[in-house]
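Colleague: Okay, here's the prediction I keep looking at, along with the sequence it came from:
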Amino acid sequence: MLVKQISVFLENKEGRIAKVTRVLSDNKINIRALSIADTTEFGILRIIVDHPAEAEKALKENGFTVSMTEVIAIAIEDQPGGLANALDILHSNKISVEYLYAFISKTSDKANVILRVEDCERAIECLQNKGYNVLTASEVYQQ
């Protein structure tokens, strides 16, 4: 149930994100979700793609500094409180969330959230015990 996330370290220079997306496109890799955090000098682009191993290889071959991280993806009710309820479960179980971001599914009326937590397996167990749908990697990659 763990999803592979690609993190790309980028200098905060014109055209760097465009280059990443061009490399992925040229290698027939589709972006499913993304998030970027930046400072004045650099940024970290976090992406979920349909073929993470191929994406990592292609980006490295094109000179990017890349790492792969395991994250979890959950489907939540697309209504007020949907995210808050899931986060309350993690908080009450003392599971820290490092970061999160959301993406849209073509096949569901739910909101999908990527979570980077300190203990993925425990977070999955806690969320599933409360009825949350933790998405499989293949479900996320094929969204």
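Modeller: Received, thanks.
Colleague: Can I take it that residue 107 is in a strand?
Modeller: No: checked against DSSP: H, G, I helix; E, B strand; the rest coil, residue 107 lies outside a strand; its state is coil.
Colleague: give the contact list for it.
Modeller: residue 143 (Cβ atoms under 8 Å, 6 or more residues apart in numbering). In short, each C-beta sits where N, CA and C put it, glycine included.
Colleague: Quickly note the distance from it to residue 27.
Modeller: Separation of residue 107 from residue 27 (Cβ to Cβ, to the nearest Å): 24 Å.
Colleague: what's the answer for residue 140, then?
Modeller: For residue 140, the distance to residue 27 - Cβ to Cβ - is 19 Å.
Colleague: More neighbours: these two, which one.
Modeller: residue 140 (25 against 16; other Cβ atoms under 10 Å).
Colleague: need the next SSE after the lengthiest strand in the chain, C-terminal direction.
Modeller: Longest strand in the chain, counting residues (DSSP state E): strand 65-76. Per DSSP states H and E, strand 65-76 leads on to helix 82-92 as the next helix or strand towards the C-terminus.
Colleague: Could you give the average pLDDT over that following helix?
Modeller: Averaged over helix 82-92, pLDDT sits at 96.
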